[in-house]
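>>> Just the structure for this:
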Amino acid sequence: MQVKRYDELTSLQEEMQTELANVESQGQNELANLRQKSDELKLRLFHLRNNVTKEQHHQELQDELDAQEETRYRTSRDAIRNMVYTLMQFRSYAHDRMGKANTLYRQLEELGQVIIFYQDIYRAYQETLQASQQRPKKHGVVSATSKLDASRSSNDSENSDTQNGSSLPGTARPSRVE
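As a prediction, the model looks like this:
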C-alpha cells in the first residue's frame, strides 16, 4: 500500500511538475506576449506623443503663420490707407494748382489781348507816321515845333466844339487836362 501510495504520489508529483511546467510555459508565453504588447503599446504611445507633439508644433506654427498674416494684412491695409490719404491730398493740391493755373492762363490771355490791342495801336501809329513822312511838303522844311503847334490848335478847336455841343456823336475826343 505504501508502494501504491508512493507510486500515486510520484505520479501525482510528475503530473504536478508537468502541469507546473505547462503553467510555467504558458506563463512564459503570456509574459512574452505581454512584453510584446507592452512594447507595442510603448511604441504606439511614442508615436502618439510624437503625433501630439507634431500636432502641437503644427498648431504653434499655424498660429505663428496666422499672426504673421494678420500683421501683414494690417501693415498692407495701413499702407493702402496712407497711400489713399496721400493721393487725396495730392488731388486736392493738384485741383488747387489747376484752379490757379487756369486763372493765370485767363489772365495771360487777357494780357495777350491787351498787348495785341496796343500792338495794333502802335502799328497804326507807325503807318500814320510813315504816311505823314511820305506826303510832299508844301513850303519847304516844317519844323517839329510848328507841327506840335498845329496839332495843339486842332485839338483846342475840337475841344471847343465838344464843349459847345456842336460835335457829331462818336467824333468827340476827350479834353486834355492842363
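>>> Any idea how far the host helix or strand of Arg49 is from the middle of the chain?
Taking DSSP states H and E as the criterion, Arg49 maps to helix 2-134. Remark: helix 2-134 is offset 23 Å from the chain centroid, using Cα atoms, centre = their mean, to the nearest Å.
>>> Of all residues in the chain, which one is nearest the centre?
The centre of the chain sits closest to Met83, judged by Cα atoms, centre = their mean, with a distance of 3.4 Å.
>>> what residue ranges in this protein score low on pLDDT?
Within the chain, the stretches with pLDDT under 70 are 1-2, 136-178.
>>> Apply 80 and report the result again.
Applying pLDDT under 80 to the chain flags residues 1-8, 12, 135-178.
>>> Can you get me a residue count around Asp120?
Look at Asp120: counted by other Cβ atoms under 10 Å, it has 10 neighbours. In this view, the C-beta of every residue, glycine as well, is placed from N, C-alpha and C.
>>> Please report how far Val84 lies from Asp78.
Distance, Val84 to Asp78, using Cβ to Cβ, to the nearest Å: 11 Å.
>>> cool, and Arg106?
Distance from Arg106 to Asp78, by Cβ to Cβ: 42 Å.
>>> Ala21 too?
From Ala21 over to Asp78 the distance is 83 Å, taken as Cβ to Cβ.
>>> All set, thanks.
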